[in-house]
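J.: Need a 3D model of the sequence below.
(3 chains)
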Amino acid sequence: MGTDIGLLLSRREIELSSLSSRVVAVDAHNTLYQFLSIIRQRDGTPLMDSGGMVTSHLSGILYRFTNLIEEGIRPVFVFDGTPPDFKSKTLDKRRKVRETAHSRWDEAREKGLEKEAYKYAQASVKLDSYVIESSKTLLSIMGIPVVQAPCEGEAQAAHMVKSGDANYVASQDYDSLLFGAPFVIRNIAITGKRKLPGKDAYVDVKPEVIDLEHSLGQMGITHPQLVDIALCVGTDYNNGLENIGQKRALELVKKHGDIESVLRKLGKEIDDLESIRDFFLNPPVTDDYDIIWQKPDHDRLIDFLCNEHDFSRERVAKAWERIIAVSGSQQKTLDQF
DNA sequence: ACGTAATA
DNA sequence: TATTACGTG
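T.: Numbering: from 1, shown residues only, chains lettered A, B, ... in the order given. Take a look at the predicted model:
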């Protein structure tokens, strides 16, 4: 998932409190995927209501964004639209991996192999229309605005920061930087600990900002050259070159200037090179959206989470108190303008 | 991932 | 008060 250019970028640790009153364009796909893969029981079974509907993503949205709202952060969720044609090979491949993982999850669970089951459960996560629609419902109940991207959500989120309608993109992936996002926040979570994949070890993770211009300056390259580096290491739309990782890709692009020269030198080719590069530099986006933080709806919150999806009334009531405590004062500051 | 109770 | 273990839906 995403493009592996993290080692090349400069990051700066921040406190969540420094984001107060800032508008954060949340990469919905990335965030929901994260919730669905991590909020699980030890054998990989996700949280579910009595009707068997998955609720892990709803739990993640409720608790994380209650906290962010309490910090005074103004989140906007940006959902994916229709992917470009040249992504179809990648999407087919992901679907096959997912299906294989799903059957291996079942097998491992039958044999009582918890760790293996958990691993395959994570790999079989799919964002279906139920997950998308139920997420949008909860967000609207919480008063959090939703923007529908015409194409890739990360491109739309990047556009919103460029145009000044948002201050940051929030995503664990780096792709919004390829789409030109000036500022990207990673690790915008509450608990400062993350499990290392495959290991039983945990590391402390703090929220961090990646500044695109600053990163480009440190590397001594331009934005189009960063896109060329991404094309070398592989993106959601192409496979990348053999034995070329991010460090060597940076050296090659700096030395030869652009990817065409690099490919000539190596005697290699990348399918749809022109289209993919143009897609990163000039992606389909829209200005047809409204970012308005509505008043959260208490009755609908209780009905949706407790009656429909079996959440604890006590916990939802507690979250409600925290949401409403700041949304009241925030509403005032909005009214003043 | 997050909340909460238990633990030290 | 800070860290860990367990439940959440």
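J.: what about the strands in the stretch 51-200 of chain A?
T.: Using DSSP state E, counting those that start in this stretch, the strands of the stretch 51-200 of chain A run over A:74-79, A:146-148, A:168-170, A:183-186, A:193-195.
J.: residue contacts, the residue of the stretch 1-150 of chain A found nearest DNA strand C?
T.: Closest residue of the stretch 1-150 of chain A to DNA strand C, CB to the nearest atom of the strand: A:T55 (3.1 Å). Heads up, the C-betas are built off the backbone N, CA and C, glycines and all. By CB atoms under 8 Å, 6 or more residues apart in numbering, the contact set of A:T55 is A:P46, A:L47, A:M48, A:D49, A:H309, A:D310, A:F311.
J.: rerun at 7 Å
T.: A:L47, A:M48, A:D49, A:H309 (CB atoms under 7 Å, 6 or more residues apart in numbering).
J.: again, but for A:A317
T.: By CB under 7 Å, 6+ apart, A:A317 has no neighbours at all.
J.: Test my guess that A:P182 contacts A:L212.
T.: Yes: contact criterion CB atoms under 7 Å: A:P182 and A:L212 qualify, at 5.1 Å.
J.: Between these two, point out the one with more neighbours.
T.: Neighbours were counted for A:P182 and for A:L212 using other CB atoms under 10 Å; A:L212 has more, 22 against 17.
J.: my guess is the more buried one meets A:S176, correct?
T.: No: using CB under 7 Å as the test, A:L212 is too far from A:S176 to be in contact (9.3 Å).
J.: Now whatever residue of the stretch 151-300 of chain A ends up closest to DNA strand B. Its backbone dihedrals?
T.: Ranked by CB to the nearest atom of the strand, the top residue of the stretch 151-300 of chain A for proximity to DNA strand B is A:A189, at 3.3 Å. The phi/psi pair for A:A189 (degrees, to the nearest 10) reads phi -120, psi -180.
J.: quick one, what contacts it?
T.: A:R64.
J.: So it versus A:V205, what's the distance?
T.: Separation of A:A189 from A:V205 (CB to CB, to the nearest Å) stands at 8 Å.
J.: thinking again about what came up before, winner for burial among the strands of the stretch 51-200 of chain A?
T.: strand A:168-170 (a mean of 28; mean count of other CB atoms under 10 Å).
J.: right, quick check: it against DNA strand B, any contact?
T.: No: applying CB under 7 Å from any atom of the strand, one finds strand A:168-170 separated from DNA strand B by no less than 11.2 Å.
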